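Novice: Pasting a predicted model and its sequence here:
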Amino acid sequence: MYPFLKGHGTENDFVLLPDPDGAVHGELTPERVRALCDRRAGIGGDGVLRVIRTAAVGAAGLGQDAEWFMDYRNADGSVSEMCGNGVRVFGRHLAEQGLVDPIRPVPVATRAGVKVLTFAGGAVDGEITVDMGTPKVLEETTVAVGERSWPALHVDMGNPHAVAFVDDLADAGPLLDAPDHDPAVYPAGVNVEFVVRRAAGHVAMRVHERGSGETRSCGTGACAVMVASALADGAARDTAYRVDLPGGTLRITWTADDRILMSGPAVVLAEGVTGL
């Protein structure tokens with residue numbers, strides 16, 4: 001038996017495993033991750049966040065200035081570079097447990113580099129803003145669902161995204177399977193976002209996340225959508241975009257110094273023990 005917590009960011013939900021010194025879990029196997037994320041036979045979640053000190057991971061380059069490392073796994077057990085909603089939930093847990101001081105910026109190491117979290121007003125329970133780093137805008141590509149296809153922009157937010165603008169979010173269908181994409185462009189799979197414009201600086205989206213399926217929200221996906229939207233709109237830097245997702249709303253800003261800032265809520269809502 002070992003402890004777990006359950007949390008979500010705009011209804012993108014996660015199982016958190018406190019393992020500060022790497023003594024609890026050893027190898028976090030794909031089988032265990034799948035069991036934890038199973039919504040009928042397990043706890044249920046879009047992924048697993050192992051909360052571990054960077055020093056305990058024993059891998060170079062994860063962020064020497066960050067005490068904590070977010071070891072993130074998709075619901076299918078695969079390892080992922082980054083999770084934007086997950087890192088806010090991760091930070092909320094650290095602050096609530098007194099493991100970090102929310103008055104100061106909090107660096108968190110991830111496989112996509114160090115992300116710095118800022119707690120609104122220095123409050124443990126306030127909105128959290130994450131510096132997601134510099135986006136990489138890559139080539140134009142294509143995604144398809146069934147007989148329909150759309151041009152898409154390849155945006156890298158530490159993990160790969162294909163952003164497609166559609167006339168209606170229902171055009172993407174049920175998203176039970178991963179949309180078709182070019183394996184030469186995305187050899188390790190891709191997160192696919194379907195986007196509609198609502199107003200100036202305001203878009204809505206759906207997403208199919210590799211390894212998890214359609215989710216209620218995707219933080220890195222919302223950042224990629226903002227980048228693609230700002231480029232298409234010719235928006236000035238430091239313009240804030242509202243991105244509506246099925247599970248809530250995120251605010252994304254592309255700063256003058258080429259950083260993406262993502263702001264939104266995060267909640268840790270339950271804790272317990274499991275033997276999965």
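Specialist: Yep, it's here. Keep in mind it's a predicted model, so treat the numbers as computed, not measured. Numbering: from 1, shown residues only.

Novice: low pLDDT regions in this structure?
Specialist: The model of the chain has pLDDT under 70 over residues 59-64.

Novice: care to break it down by domain?
Specialist: Domains of the chain are assigned by automatic domain parsing as 2-132+264-274, 136-258.

Novice: need the helices for the stretch 151-276 of the chain, in chain order.
Specialist: 219-233 (DSSP state H, counting those that start in this stretch).

Novice: ok so, going back, format the domains of the chain as a markdown table; extra columns: mean neighbour count.
Specialist: Every residue, glycine included, has its C-beta placed from N, CA and C. Below are the domains of the chain laid out as a markdown table (neighbours: other C-beta atoms under 10 Å):
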| stretch | mean neighbour count |
| --- | --- |
| domain 2-132+264-274 | 19 |
| domain 136-258 | 19 |
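
Novice: what about Arg210, distance to Ala240?
Specialist: Using C-beta to C-beta, to the nearest Å, Arg210 is found at 28 Å from Ala240.

Novice: does the closest residue to Ile128 other than its chain neighbours sit in a helix or strand, and which one?
Specialist: Once flanking residues are discounted, Ile128 sits nearest to Arg88: 4.5 Å by C-beta to C-beta, 6 or more residues apart in numbering. Using DSSP states H and E, Arg88 maps to helix 84-96.

Novice: Quick check: next helix or strand after that helix?
Specialist: Moving toward the C-terminus from helix 84-96, the next helix or strand (DSSP H and E) is strand 106-110.

Novice: Centre of the chain to the helix or strand following that next one, how far?
Specialist: Downstream of strand 106-110, the first helix or strand assigned by DSSP H and E is strand 113-119. Computed by C-alpha atoms, centre = their mean, to the nearest Å, the chain-centroid distance of strand 113-119 equals 13 Å.

Novice: what angle separates strand 113-119 from strand 106-110?
Specialist: Calculated by axes from the mean of the first three to the mean of the last three C-alpha atoms, to 10 degrees, strand 113-119 forms an angle of 150 degrees with strand 106-110.

Novice: Contacts made by strand 113-119 with the rest, please.
Specialist: Contacts with strand 113-119, where a contact means C-beta atoms under 8 Å, 6 or more residues apart in numbering, come from 63, 65-66, 82, 87-88, 91, 95, 102-103, 105-108, 126-133, 158.
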